[in-house]
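[1] what's the 3D shape of this:
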Amino acid sequence: MRYLMGLGAVILIFLGLLYWSINHPGMTLVSWDENPTYILQGRTAAFILYLVLGFLALHFALNAFYRLLHLRQTLKERYAARTLARGLLKLTEGNWSRAEKLLLYQADETEMPVVSYIAAARAAHMQEAYDRRDEWLRRALLNNQGSRLAVGVSQADMQMAANQLEQAHATLLSLQQLTPKHPYVLKLLARVLYQQENWDELVNLLPDLIAQKILKPEDMQTIESATLTGIFAKQLKLGGSTKLKAMWQRLPEQIKVHPDAIYLYTKMLLKAEDYDTSKVMIESTLNNLWIDNLAELYGRIPHADLESALKNAEQWQTTQSNNPVLLLILARLYRQKQDWLLAKHYYESSVNQAPNAEAYLELAELLDYLGETENAQYSYQIGLRYSIYHKGERLILKPNPNV
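    Below you'll find the predicted structure:
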């Protein structure tokens, strides 16, 4: 492009001078000393024409001479490029050994040797020749220090594929220092930490994963759930609910507002038998945002103040009147209160809204306790069939013969 622009500029200048000389005819005299021995004389227009033609001839002659001098290098580069293309084709075909040889042959003669070495490393990796793989990657980096990210990502990817998790972890940590927010580096690091069950490091990575939406929603949910479950369990083992609550306070706000995080934390509080904290956590959350699995935990708490718990549940009915989870909460609260008839009513209403194997069992046990043996057996049977076939049936209880 620059060459064409330069040539165009010369032609324009020539045409301008030619136009000027035609409109201002005259003679041009050129001599080499005071007493002219050598003299060039002619019309100005002809002189300009010869001058430009001479310049162009000199230009093309020098260009041809330059190309001739570099002909050998040009041919080597072209041959190296064709060899690289053949090597990449063999790599795609799965002919790893042949690909590696072609990719390394005259690798330094290609325009981008780093590409040849990374591809050769991939070929060696597929042959499980990990020492050679690392050597070609080292050469790629030596060839071009600016390719550190590309080489590092390729190395980490291959190390993970070979289940070399410790090496991949170290590689990705160094890349993270180089580019802290790089999406693919964070994605690979999250995968490594997940496979290592390194929850302490992974929990610090969650805010960036969430903010950049690096993972698919289902993958993000899996990683977040596993990470929080692992780190909560560790804190519970180290120091009970005290350590657990301290860990919750240290979590970033982006995580603490997630429904899954709130649910997992509350579930772990119940496991630690910290009923007061779990009760407050559930109530404060449900008053602003209804979460079914979190609400379900409310009925499992052995409430010291049942009247207060029932009042909260009845208040939630204003927005969740036919919610089967809320109906199950009411059934369990009334069972705690030993109000058997209301408990039975809410159990029946809940399972007819949404079948639940555990609710069928609890209802059957309650019916057994009330002496309704036939209804109890019926509830056991429906619950068993649902557990096996996952197909709900409408529960219709017979009148209590004891009433």
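[2] neighbours around Ala107, how many?
    For Ala107, the neighbour count with other CB atoms under 10 Å is 24. (Each C-beta comes from the backbone N, C-alpha and C, glycine too.)
[3] Could you pull up the residues touching it?
    80, 84, 113, 116-117, 120 (CB atoms under 8 Å, 6 or more residues apart in numbering).
[4] Now do Met247, the pLDDT please.
    With respect to pLDDT, Met247 scores 94.
[5] and what of Met160?
    The model's pLDDT for Met160 equals 95.
[6] Look up the closest residue to it, ignoring the ones flanking it.
    Nearest residue to Met160, sequence neighbours excluded (CB to CB, 6 or more residues apart in numbering): Ala168, at 4.7 Å.
[7] correct me, but that neighbour touches Ala161?
    No - counting by CB atoms under 8 Å, Ala161 is not a contact partner of Ala168; they are 9.1 Å apart.
[8] just the helices in the stretch 251-400 of the chain please.
    253-256, 259-271, 275-286, 292-298, 306-316, 324-337, 340-353, 357-369, 373-389 (DSSP state H, counting those that start in this stretch).
[9] Determine the number of other residues adjacent to Thr318.
    Counted with other CB under 10 Å, Thr318 comes out at 7.
[10] hmm, back to that, from Ser154, how far off is the residue nearest to Met160?
    Distance, Ala168 to Ser154, by CB to CB, to the nearest Å: 11 Å.
[11] what number of residues lie near the residue nearest to Met160?
    Ala168: 24 neighbours (other CB under 10 Å).
[12] Go ahead and list the helix or strand containing it.
    Here Ala168, judged by DSSP states H and E, is contained in helix 165-178.
[13] Columns distance to Leu326 on top of the contacts of Ala107, output as TSV?
    As requested, those are exported to TSV (distance: CB to CB, whole Å):
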residue	distance to Leu326
Ala80	72
Leu84	66
Pro113	67
Ser116	65
Tyr117	63
Ala120	63
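[14] Out of the residues you listed, list just those in strands.
    Among those, no member is found in strands (DSSP state E).
[15] Mind putting the residues you listed into TSV with neighbour count?
    Shown next, in TSV, are the contacts of Ala107 (neighbours: other CB atoms under 10 Å):
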residue	neighbour count
Ala80	19
Leu84	23
Pro113	20
Ser116	28
Tyr117	28
Ala120	28
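[16] in this protein, what secondary structure element scores lowest on mean pLDDT?
    Across the helices and strands of the chain, mean pLDDT, DSSP states H and E gives its lowest value to strand 39-43, namely a mean of 51.
[17] on that earlier part again, among the helices of the stretch 251-400 of the chain, which is nearest Lys237?
    For Lys237, the closest of the helices of the stretch 251-400 of the chain is helix 259-271, at 10.7 Å, according to CB to CB.
[18] Give the other helices and strands that the closest one contacts.
    helix 217-250, helix 275-286, helix 292-298 (3 or more CB pairs under 8 Å, 6 or more residues apart in numbering; DSSP states H and E).
[19] in stretch 297-315, what counts as buried?
    297-299, 301, 303, 309-310, 312-313 (16 or more other CB atoms under 10 Å).
[20] do stretch 241-261 as well
    So for stretch 241-261, counting by 16+ other CB under 10 Å, buried means 241, 243-245, 247-248, 251, 255, 258, 260-261.
[21] Span of it from start to end?
    16 Å (CA to CA, to the nearest Å).
[22] I'd like the distance from it to the chain centre, please.
    23 Å (CA atoms, centre = their mean, to the nearest Å).
[23] Report the residue ranges of every domain in the chain.
    216-302, 315-403 (automatic domain parsing).
[24] In a markdown table, list those domains along with distance to Trp136.
    Below are the domains of the chain laid out as a markdown table (distance: least, CB to CB, whole Å):
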| stretch | distance to Trp136 |
| --- | --- |
| domain 216-302 | 31 |
| domain 315-403 | 53 |
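[25] Tyr105 is nearest to which of those?
    Nearest to Tyr105 among those is domain 216-302 (40.7 Å), distances taken as CB to CB.
[26] what's the neighbour count on Gly152?
    21.
[27] tell me which element it falls in.
    helix 148-161.
[28] next helix or strand past the helix holding Ala168?
    helix 183-196.
[29] for that following helix, what is the average pLDDT?
    The model assigns helix 183-196 a mean pLDDT of 96.
[30] what's the answer for stretch 293-300, then?
    96.
[31] cool, and stretch 382-402?
    87.
[32] I'd like to check which residues are in contact with the closest residue to Gly299 other than its chain neighbours.
    Nearest residue to Gly299 in three dimensions, chain neighbours excluded: Arg332, at 3.5 Å (CB to CB, 6+ apart). Shown in contact with Arg332 (CB under 8 Å, 6+ apart): 299-300, 343, 362.
[33] what about the chain, any weak spots by pLDDT?
    Across the chain, the ranges flagged by pLDDT under 70 are 1-11, 13-77, 79-80, 401-403.
[34] Okay, the closest residue to Gln353 other than its chain neighbours and Ala313: tell me how far apart.
    Leaving aside its sequence neighbours, Gln353 sits nearest to Pro324 (CB to CB, 6+ apart; 3.7 Å). As judged by CB to CB, Pro324 and Ala313 stand 13 Å apart.
[35] cool, Ala121 as well?
    62 Å.
[36] which other residues reach the helix holding Gly152?
    Against helix 148-161 from outside (CB under 8 Å, 6+ apart): 114, 118, 121-122, 125, 133-134, 137, 140-141, 165, 167-168, 171-172, 174-175, 178-179, 182, 184-185, 188, 191-192, 195.
[37] can you check stretch 196-214 too?
    By CB under 8 Å, 6+ apart, stretch 196-214 touches 165, 169, 181, 183, 186-187, 189-190, 192-194, 215, 220, 223-224, 226-228, 230-231, 234, 251-252, 254-255, 258.
[38] Need the buried ones from these selected in PyMOL.
    Listed next is the PyMOL selection for buried residues among those, using 16+ other CB under 10 Å:
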select buried, resi 165+169+186+187+189+190+192+193+194+215+220+223+224+227+228+230+231+251+255+258
